[in-house]
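Chemist: test case, fold it:
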Amino acid sequence: MPGNSNSNPPDYRHKVLTLLALVPPGQVVSYGQLADLAGLPGRARLVGRILRTEDTSRLPWHRVVAASGRISLPIGSDGRHEQRQRLQKEGILLKGDRVSMAQYRWRPDLAAILMLMDQ
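Modeler: From the prediction side, this is the model:
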């Protein structure tokens, strides 16, 4: 967003992108969970903005879904179709456009995450 570059300090972007890189194949993370792990509680929309504005081509962006497990990209968009295909390729089953968060939610070792974030 023009004029908003200072509202998202680079260290926050770095934390979000670093954590996203850790999400393993076959698991998903919600925008809110990613925000919480990055030290940005309640900032799910900020995570969405970061993912929308940063180069995530080498990151598993497709593993990020809404808290309900829903794919949140616009219906009919190429990105939504690509996300769905990538998730299915990793063995994640979708019911409609939803992932079972109970089954596929990433449950990282929080101590390891904290140590990584302190570096």
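Chemist: contacts, neighbours, all on C-alpha from now
Modeler: Noted.
Chemist: might you list the low-confidence residue ranges for the protein?
Modeler: 1-10, 118-119 (pLDDT under 70).
Chemist: and the helices in it, which stretches?
Modeler: Using DSSP state H, the helices of the chain run over 10-22, 31-37, 44-53, 78-89, 101-104, 110-118.
Chemist: the third one: how far from the chain's middle?
Modeler: If you compare the mean C-alpha spot of helix 44-53 with that of the full chain, they lie 9 Å apart, counting by CA atoms, centre = their mean, to the nearest Å.
Chemist: so what touches it?
Modeler: If you take CA atoms under 8 Å, 6 or more residues apart in numbering as the criterion, helix 44-53 is touched by Asn8, Arg13, Val16, Tyr31, Gly32, Gln33, Leu34, Ala35, Trp61.
Chemist: the longest one too?
Modeler: Outside of helix 10-22, the residues that reach it under the criterion CA under 8 Å, 6+ apart are 34-35, 37-38, 40, 47, 50, 56, 59-61, 113, 117.
Chemist: among these, who's most crowded?
Modeler: Most neighbours among these, by other CA atoms under 10 Å: Val47, with 26 neighbours.
Chemist: report the two of the contacts of helix 44-53 separated the most.
Modeler: Asn8 and Trp61 (18.7 Å; CA to CA).
Chemist: ok so, going back, specify which member of the contacts of helix 44-53 is nearest to His81.
Modeler: Trp61 (13.2 Å).
Chemist: wait, what's in contact with Ala111?
Modeler: Contacts of Ala111 (CA under 8 Å, 6+ apart): none.
Chemist: swap in the one 3 residues further on?
Modeler: With contact taken as CA under 8 Å, 6+ apart, Leu114 is in contact with no other residue.
Chemist: distance check, it against Leu17.
Modeler: The gap separating Leu114 from Leu17 is 15 Å, by CA to CA, to the nearest Å.
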